[in-house]
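Q: Fold the following for me, if possible:
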Amino acid sequence: MIANRTLELLSLLQAQKEWTGDGLAERLGVSPRTVRRDINRLRELGYPVTATKGPSGYYRLSRGARLPPLIVDDEQAIAIALSLQTAPASVAGMGDATKRALNSIRELLPPHLSRRLATFSIEQIENAWELAPPQVDPGLVARLSAAAQERELVRFTYRSIEVDEVDGSEVLAEPHRLVVWSGRWYMVAYDQRGCSWRAYRLDRIEQPAPTGWRFTQRDVPERDITHFVQNQPDRGDTPDTWPCWGTVLMECPAALVAKWAPGAASFEAIDERITRIRMGAWSWSALIGFLVTFSCRFTVEGPPELAEAARRVMGRIDVDIPRADASS
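A: Predicted structure coming up:
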């Protein structure tokens, strides 16, 4: 009973930054004196719990100099194991580390939880309809994430959407946040030289270098980071990612294209009604299939193989539509 209560206390301290003694006592259904004893027990286990005295005193779980024993409840253990088994493959070289982490957790689980976890043995099967994202370097993810946390300017060159083409000037950016959308990694940052906010694809960032310079945090122009990233025109994969790549003019507002087009697409607003969209796929027919999902008229700009595929696909569609009963 004491061990269970201590585990619940630790979970509460991890879930919320600060707790009053009365608040913890109420959540645990014990007296404030019992809470103080349980806090001391956590400290003995190596968890650095700080406390302030007085009517407005609180308890806080601080960062320690060493890693104490990891304690999670049953639901948390299952959640961790399932997350490791279904982890996306968009970060290069993480497959083996993920398996080792899962095995380490399995070895530490008590028998009843180990048996339960065995019922969640999952094997992922590749889906040909999913546009596989390019992998990113975990070291790059770590460096850019640290730069965003420490508000440090980063310098890098950036490959444009064209194959093997690099923008002529270096980018000096203020990293704000890393975002993963449709399996693709982005860094939302402010470009100091261009004086604008952008979402940079991590797989197109080259030669990143720290500067040691700090910057003052700016407000992102849009509070919704998802909406900001989705509405970046240059967000697609490079053309060599897919064997088939085409461009169409679609009678669909750019706002709708940005919301529903996959992460592998890029687009350009021609006017309020027409949008140019570029997409890649594993076959010309598959590319037509994606475009048809918008349920809009479109004109193929190129290449000729895409136009031929459109005619071929439309010719194969032969559906018998029952006529309405004239007598009804």
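Q: and stretch 40-49, how far apart are its ends?
A: Its start and end residues considered, stretch 40-49 measures 8 Å (Cα to Cα, to the nearest Å).
Q: now do stretch 285-302
A: Terminal residues of stretch 285-302 are spaced 14 Å apart (Cα to Cα).
Q: Tell me which residues are up against that stretch.
A: Stretch 285-302 has contacts (Cβ atoms under 8 Å, 6 or more residues apart in numbering) with 244-252, 256-257, 260, 262, 276-277, 279-281, 306-307, 309-310, 312-313. All C-beta atoms are positioned from the backbone trio N, CA, C, and that covers glycine.
Q: Which entries within those meet the buried criterion?
A: Among the contacts of stretch 285-302, those classed as buried by 16 or more other Cβ atoms under 10 Å are 244-250, 252, 257, 262, 276-277, 279-281, 306-307, 309-310, 313.
Q: What about these, which are in strands?
A: Counting by DSSP state E, those place 244-250, 276-277, 279-281 in strands.
Q: could I get these as TSV with pLDDT?
A: Putting these into TSV (pLDDT from 0 to 100) gives the following:
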residue	pLDDT
C244	86
W245	85
G246	88
T247	90
V248	91
L249	92
M250	89
R276	90
I277	88
M279	83
G280	82
A281	82
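Q: Tell me the one among those residues nearest to T226.
A: The nearest member of those to T226, counting by Cβ to Cβ, is I277 at 19.4 Å.
Q: what's the nearest residue to that closest one if we skip its chain neighbours?
A: Of all residues not flanking I277 in the chain, F267 sits nearest, at 4.6 Å (Cβ to Cβ, 6 or more residues apart in numbering).
Q: Surely Y186 touches R204?
A: No: using Cβ atoms under 8 Å, Y186 makes no contact with R204, being 10.1 Å away.
Q: Comparing those two, which residue is more hemmed in?
A: For Y186 versus R204, neighbours defined as other Cβ atoms under 10 Å are more numerous around Y186 (23 against 19).
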